[in-house]
Structure formats: C-alpha cells, structure tokens
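**Student:** just to be clear, the model below is a prediction. Sequence and coordinates:
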Amino acid sequence: MSVKEFLSISGITKTYGVVKALSSVTFSVRKGEIHTILGENGAGKSTLVKIIKGRKNRTPARSPWTARQ
Ligand SMILES: Nc1ncnc2c1ncn2[C@@H]1O[C@H](COP(=O)(O)OP(=O)(O)OP(=O)(O)O)[C@@H](O)[C@H]1O
Ligand SMILES: [Mg+2]
C-alpha cells in the first residue's frame with residue numbers, strides 16, 4: 001500500500017479580529033487514511049476545513065497580531 005502523503009498543512013493560524021480560531025495547526029493525511037476532526041463548539045473545525053478547501057485564507061504568520069504573541 002502506498003504511504004504517500006495526500007495532504008499536508010503546517011503552522012496554520014487564523015484570527016478573526018481578536019479571536020484566534022486556529023493556532024499553528026499541523027496536520028497530514030496519507031493516501032487511504034480516513035480522519036475525523038473533533039472539537040467543541042467554536043474549536044475551529046469549520047475554519048480549518050474552509051482553509052484546506054481554499055475558501056478562506058489563513059492569517060499570515062507575520063501579521064501584527066501573531067507577532068505580539
Ligand atoms: N466569520 C467569522 N467572523 C468572526 N469570528 C468567526 C467567524 N467564523 C468563525 N469565527 C470564530 O472562530 C472560532 C472558530 O469557529 P469555527 O466555526 O471554525 O468552529 P467550529 O469548531 O466549526 O464550531 P461548531 O462546532 O460550532 O461548528 C469561534 O470562536 C468562532 O466564533
Ligand atoms: Mg463548524
């Protein structure tokens with residue numbers, strides 16, 4: 001079975017104003033794997049999927065907000 005990476009993201013951060021929805025998310029999926037994203041309401045599941053699908057842009061790593069952390 002092939003173990004090639006199918007999807008790989010790293011350091012994904014997304015802020016909505018002062019709300020930090022995602023903080024340096026790293027995630028990879030190999031071909032054939034099935035994953036479930038679990039989390040409480042507002043954990044950032046939808047935001048992560050929208051970024052993976054390209055429907056939202058991540059917050060640039062060097063934004064002023066991130067730089068203050
Ligand atoms: N368009 C937006 N504008 C401002 N804040 C947002 C926006 N979308 C999401 N958020 C905030 O970002 C955080 C993550 O939200 P998100 O919808 O990604 O979580 P979720 O895990 O999908 O939640 P749920 O289980 O309720 O669907 C929450 O604090 C939410 O209020
Ligand atoms: Mg959601």
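**Tutor:** In hand now; what should we look at? Ligands and ions are numbered 1, 2, ... in the order given.

**Student:** next, the residue of the chain found nearest ligand 2: secondary structure please.
**Tutor:** As assessed by Cβ to the ion, ligand 2 sits closest to Ser46 within the chain, at 3.1 Å. In short, each C-beta sits where N, CA and C put it, glycine included. Secondary structure for Ser46, judged by DSSP: H, G, I helix; E, B strand; the rest coil, is helix.

**Student:** for it, what are its contacts?
**Tutor:** Shown in contact with Ser46 (Cβ atoms under 8 Å, 6 or more residues apart in numbering): no residues.

**Student:** check what pLDDT it gets.
**Tutor:** For Ser46, the pLDDT comes out at 96.

**Student:** what separation do you get for it and Gly32?
**Tutor:** 25 Å (Cβ to Cβ, to the nearest Å).

**Student:** next one: Gly17
**Tutor:** Look at Gly17 and Gly32: by Cβ to Cβ, they are 39 Å apart.
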